[in-house]
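Colleague: Give me a 3D structure for the following:
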Amino acid sequence: MSDRDEAFAEYFAARSGSMRATAYLLCGNWHRAEDLVQTTFTKLYLRWDRISKQESLDPYARQVMIRAFIDEGRWGWWRRERPHHEPIERAAPDVPAEDRLMLLRALADVPARQRAVLVLRYWQDLSIEETAAALGCTSGTVKSQSARGLATLRALIGAPVTAE
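Modeller: So this is what the prediction gives:
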């Protein structure tokens, strides 16, 4: 194995799990998330000689994944893969399954660009500037998309139930 391949394999081993989790939040399906991560790492591998020397490899990888996700939404229905059945998703142990499913369903109904902003800002805990860099837009766009995305989520989820 060459040094190039070894460096790429190390990066893949270190980052693929967190990228898969982020991809799942973007698309709401583990199979599509794996495809998205595979597309991302394929694009990274093709450019590895140029980008591996950069200190900002994680933001670049995140930007590639977000752009691939948004581009996927632009494809016509004939280019998308359609599974025959949906797999059973596993809930996190500390979150009630009903709450997790409700949030994931609502997140799936948020427009792709707003969803990307919400995932990067609130799941990946990126700053406004880092999110803007990942999406290739301005900070103002991140702020407005974040506000719109949160409003959409609130409308889809409805009013919270409070204990009396």
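
Colleague: What segments of the chain are helices?
Modeller: Across the chain, reading from the start of the chain, the helices by DSSP state H fall at 3-27, 30-46, 48-51, 57-74, 97-108, 112-118, 128-135, 139-157.

Colleague: okay, those, which one's buried deepest?
Modeller: Burial of the helices of the chain is given as mean neighbour count (mean count of other C-beta atoms under 10 Å); helix 112-118 ranks first at a mean of 23. Quick note: C-beta positions are derived from backbone N, CA and C, even for glycine.

Colleague: Pull the residues that contact it.
Modeller: Helix 112-118 is contacted from outside by 25-26, 66, 69-70, 73, 107, 110, 131, 135, 142, 145-146, 148-150, 152-153, using C-beta atoms under 8 Å, 6 or more residues apart in numbering.

Colleague: That one: how far from the chain's middle?
Modeller: Using C-alpha atoms, centre = their mean, to the nearest Å, the distance from the centre of helix 112-118 to the centre of the chain it belongs to is 8 Å.

Colleague: likewise stretch 102-119?
Modeller: How far stretch 102-119 lies from its chain's middle: 10 Å, per C-alpha atoms, centre = their mean.

Colleague: As JSON lines, the helices of the chain with mean pLDDT would be great.
Modeller: What follows is the helices of the chain, written out as JSON lines (pLDDT from 0 to 100):
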{"stretch": "helix 3-27", "mean pLDDT": "90"}
{"stretch": "helix 30-46", "mean pLDDT": "91"}
{"stretch": "helix 48-51", "mean pLDDT": "83"}
{"stretch": "helix 57-74", "mean pLDDT": "85"}
{"stretch": "helix 97-108", "mean pLDDT": "82"}
{"stretch": "helix 112-118", "mean pLDDT": "90"}
{"stretch": "helix 128-135", "mean pLDDT": "89"}
{"stretch": "helix 139-157", "mean pLDDT": "91"}
